[in-house]
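**Q** Fold the following, please.
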Amino acid sequence: MHEEVRTFDVIVVGGGHAGVEAAWACANLGANAALVTLEPAKIGVMSCNPAIGGLAKGQMVREVDAMGGLMGLAADATGIMFKVLNQSRGAAVRGPRAQCDKHAYAREVRRLIASRPEITVVAGAVERIIVEHGRATGVSVRAADALLTLRAGAVVLTTGTFMRGLMHTGDARTPGGRTGEAPADTISDALRALGFELGRLKTGTPPRLARDSIDWDALEAQTGDDRPVPFSDMTPLAEFPRLEQVECRITATNQAVHDVIRANLHRAPMYSGQIESAGPRYCPSIEDKVVRFADRSSHHVFLEPESHEDDSVYCNGVSTSLPADVQEEIVRRMPGCERARILRFGYAVEYDMVRPHQIHAGAMTKLVDGLFLAGQINGTSGYEEAAGQGLLAGLNAARWSAGLEPVTLGRDAAYIGVMMDDLVTRTPVEPYRMFTSRAEHRLSLRADNSADRLTPLARQFGLVGGDRWSRYERRRADIEALNARIDSARIGGEPLAQRIKRPGYGVDELLGLLGDRFDRGAAETVVIDRQYEGYLALQRAEVRRQADMERRRIPDALNINAVPGLRAECRAVLARFNPETFGQASRLEGVTPADVTILLVAAERVRRSASGVGTY
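**A** Numbering: from 1, shown residues only. Sure, this is the predicted structure:
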């Protein structure tokens, strides 16, 4: 076996949703990236539910797209059912979602990656992270016929569920990050050797059923929107949607199912003691639902076709690690599934993660310069959360490699910013999942205005240009023209600016009045902004009030242990999380407003001392 050395600007480890966005962002910046993965044929695979978006998650997909990412493009090209969730509720909590053809989605991601000459896919297992003088400078890779040393100015780890991955179905345990794929065991050891504190989490997946074995027509149908909305601003509406659309079906568990589960809890790895790590509280296994919600006699189960290319149906709502014989009994006691055939049994997977108080909000680790982490390695759950982190990590890795400082997104700028701030100020005890309730500025962090918030910023960073920027400029021109027409128009003596605020006034009514030459998405944003004008003004004022705390950095020279008046709990929390700004410090659990005031006074004394001004 020969040895070989290759040099890149950035090395990205892992070909999942975080990894491909990281590599794509590097390419958008003109950086040469190595995308290292155990199996190149599995790049872009949808390991769990073949769906993109949803509540809060859909906003993040739109944000990734607004900054030049690829997830929205791939979802639009391969979606088989598009639906905006929460349509009847306020604009802030509506979430676009697409059920995708899982085979077509992975192929489209691989096609997009292959279209970029800046990205080189490297097949192999990473055995060591090369760190020199406190800085990541490459990785060692064991490939099929060579030992590779890959050198770069920055390294991005996006290992998903593969770090010491262990799958559970009943008492059967299989090493691996997902079905049929080996774990990545050496990276955990490498990270520990560098001094990182690791944790262990669990996630799971439900059984897949054969559609021809389900009484499909006897079950209630779930359909997509009559006028589907794409994720990406770059998707031509004339060619959307590309694939034939499908319907899903709804069934439910019942008392008989719950009785079977209760009778077999001792065989469930989570309850037998076989699994000790925490799973996602907001997306629990069916056995966990039955225990936690003992008063419920049923739970909805959504039967979602996974592809036009096979007969597989995702059994959404029955995530489980119970033994195969119990899974068969559960499924066949649900209406419409009495003769259902299980194509693949559900399982739980345990994996290592790096506790994210050890990273900065720009995704670079605090222990090793030039080493970035994104996705489930940071304790998150979900394709969309991974994609958002991947984009930010790729952007900052390319910047770091080029000698530029990493950048961050504020909580008022993006859901991605909310997520990153949550990760660095709280240690997840379960897989982190994004919700609209996590975003205090959610009224301005909507899916419809993602481009307005982030595309100019992405252009400033060098992520977008060309056709995407031209489309954005056309959108802004439409918004300005629409606002001008609204301000000048009167309908039956009533100013249109007043009428537009009436409950129920929508985009169709506005375009019917002013003409359909305007972009529909721009018109939607104008209507929402007008209807929430007063609330948005209050929110902007609050953002300005908080901005000072977010900008004020905690001086490196401030010795926390020497600050008088700080409580012991506060000192311990500050030492663990090492916040960079007073805004971050104020959000740490265990830090009170009084503690922040004491810190501000102490920091001012440090500043005055450093500048030669007398202290007080």
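**Q** what's the longest helix in the chain?
**A** When the chain is parsed with DSSP state H, its longest helix is helix 466-488.
**Q** Show me what that helix is packed against.
**A** In terms of contacts (3 or more CB pairs under 8 Å, 6 or more residues apart in numbering; DSSP states H and E), helix 466-488 is packed against helix 450-461, helix 496-499, helix 507-514, helix 520-531. Any C-beta I mention is one placed from the backbone N, CA and C, and that applies to glycine too.
**Q** what residues does the last one touch?
**A** Counting by CB atoms under 8 Å, 6 or more residues apart in numbering, helix 520-531 makes contact with 91, 233, 446, 448-449, 452, 475, 478-479, 482-483, 486, 497, 500-501, 505-507, 510-511, 536, all of which sit outside it.
**Q** now the helix or strand harbouring Ser609, how far from the chain's geometric center?
**A** Under the criterion of DSSP states H and E, Ser609 resides in helix 593-611. In terms of CA atoms, centre = their mean, to the nearest Å, the centre of helix 593-611 is found 36 Å from the chain centre.
**Q** ok, Ala143 - contacts?
**A** Residues counted as contacts of Ala143 (CB under 8 Å, 6+ apart) are Val122, Ala123, Gly124.
**Q** And it, how far from Asp422?
**A** Noted for Ala143: a distance of 37 Å to Asp422, by CB to CB, to the nearest Å.
**Q** And Val606, by the same measure?
**A** For Val606, the distance to Asp422 (CB to CB) stands at 28 Å.
**Q** which stretches of the stretch 1-150 of the chain have low pLDDT?
**A** Counting by pLDDT under 70, the stretch 1-150 of the chain has low-confidence residues at 1.
**Q** wait, I meant the chain
**A** Residue ranges of the chain with pLDDT under 70: 1, 271-273, 275-283, 610-616.
**Q** switch the cut-off to 50
**A** Residues of the chain that meet the criterion pLDDT under 50 lie in 614-616.
**Q** which residue is nearest the centroid of it?
**A** With distances taken as CA atoms, centre = their mean, Glu385 lies nearest the centre of the chain, 0.9 Å away.
**Q** what about it, which helix or strand?
**A** Assigned by DSSP H and E, Glu385 belongs to helix 383-401.
**Q** returning to what we had before: what's the spacing between the residue nearest to the residue nearest to the centre of the chain when sequence neighbours are not counted and Trp469?
**A** Leaving aside its chain neighbours, Glu385 sits nearest to Met434 (5.7 Å; criterion: CB to CB, 6 or more residues apart in numbering). Counting by CB to CB, the gap between Met434 and Trp469 amounts to 27 Å.
**Q** Looking only at neighbour counts, state which of those two leads.
**A** Counting neighbours by other CB atoms under 10 Å for Met434 and for Trp469 shows that Met434 has the greater number, 25 against 15.
**Q** close enough to count as contact, the more buried one and Glu384?
**A** Yes: using CB atoms under 8 Å, Met434 is in contact with Glu384, at 7.0 Å.
**Q** Give the residues shared as contacts by the two.
**A** With contacts defined as CB under 8 Å, 6+ apart, the residues shared by Met434 and Glu384 are Lys57, Met60.
**Q** Counting by contacts, list what the helix holding Glu385 packs against.
**A** Where contact means 3+ CB pairs under 8 Å, 6+ apart, helix 383-401 is packed against strand 10-13, helix 17-28, strand 51-53, helix 57-66, helix 71-78, strand 154-157, strand 371-373, helix 415-425.
**Q** okay, the angle between it and helix 57-66?
**A** When axes from the mean of the first three to the mean of the last three CA atoms, to 10 degrees is applied, the directions of helix 383-401 and helix 57-66 differ by 30 degrees.
**Q** distance between the strand or helix carrying Ile80 and the chain's centre?
**A** Per DSSP H and E, Ile80 falls inside strand 79-85. Taking CA atoms, centre = their mean, one finds the center of strand 79-85 at 18 Å from the center of the full chain.
**Q** packing partners for the very next helix or strand once past that strand?
**A** Next helix or strand after strand 79-85 toward the C-terminus (DSSP H and E): strand 95-100. Here strand 95-100 touches strand 51-53, helix 57-66, helix 71-78, strand 79-85, going by 3+ CB pairs under 8 Å, 6+ apart.
**Q** Go again with 10 Å.
**A** strand 51-53, helix 57-66, helix 71-78, strand 79-85, helix 102-114, strand 300-305 (3 or more CB pairs under 10 Å, 6 or more residues apart in numbering; DSSP states H and E).
**Q** Show me what that strand pairs with in its sheet, parallel or antiparallel.
**A** Sheet pairing of strand 95-100 (DSSP bridges) gives strand 51-53 (antiparallel), strand 79-85 (antiparallel).
**Q** mind listing what Ala363 touches?
**A** The neighbours of Ala363, taking CB atoms under 10 Å, 6 or more residues apart in numbering as the test, are 18, 22, 156-157, 356, 371-375, 378, 389-397, 406, 408, 420, 423-424.
**Q** 7 Å instead, please
**A** Counting by CB atoms under 7 Å, 6 or more residues apart in numbering, Ala363 makes contact with Phe372, Leu373, Ala374, Gln389, Leu392, Ala393, Asn396.
**Q** Leaving out chain neighbours, which residue sits closest to it?
**A** Leaving aside its sequence neighbours, Ala363 sits nearest to Ala393 (CB to CB, 6+ apart; 3.9 Å).
**Q** Could you do Arg540 as well?
**A** The shortest distance from Arg540 to any non-neighbouring residue, by CB to CB, 6+ apart, is to Ser444 (7.7 Å).
**Q** these two touch, right, that neighbour and Ala537?
**A** No: using CB atoms under 7 Å as the test, Ser444 is too far from Ala537 to be in contact (10.6 Å).
**Q** tally of neighbours for the closest residue to Leu367 other than its chain neighbours?
**A** Leaving out its chain neighbours, the residue that sits closest to Leu367 by CB to CB, 6+ apart is Gly195, at 5.5 Å. When neighbours are defined as other CB under 10 Å, Gly195 has 10 of them.
**Q** before we move on, what about Gln531?
**A** 18.
**Q** Then Ala27?
**A** By the criterion of other CB under 10 Å, Ala27 has 24 neighbours.
**Q** Now do the contacts for it.
**A** So Ala27 contacts Ala33, Arg116, Glu118, Ile119 (CB under 7 Å, 6+ apart).
**Q** quick one: which of those residues is nearest to Ala585?
**A** Ala33 (34.4 Å; CB to CB).
**Q** For that closest one, which non-adjacent residue is spatially closest?
**A** In space, and not counting its chain neighbours, Ala33 is closest to Cys26: 3.9 Å by CB to CB, 6+ apart.
**Q** now the helix holding Glu385: how far from the chain's centre is it?
**A** Relative to the chain's own centre, helix 383-401 is displaced by 11 Å; criterion: CA atoms, centre = their mean.
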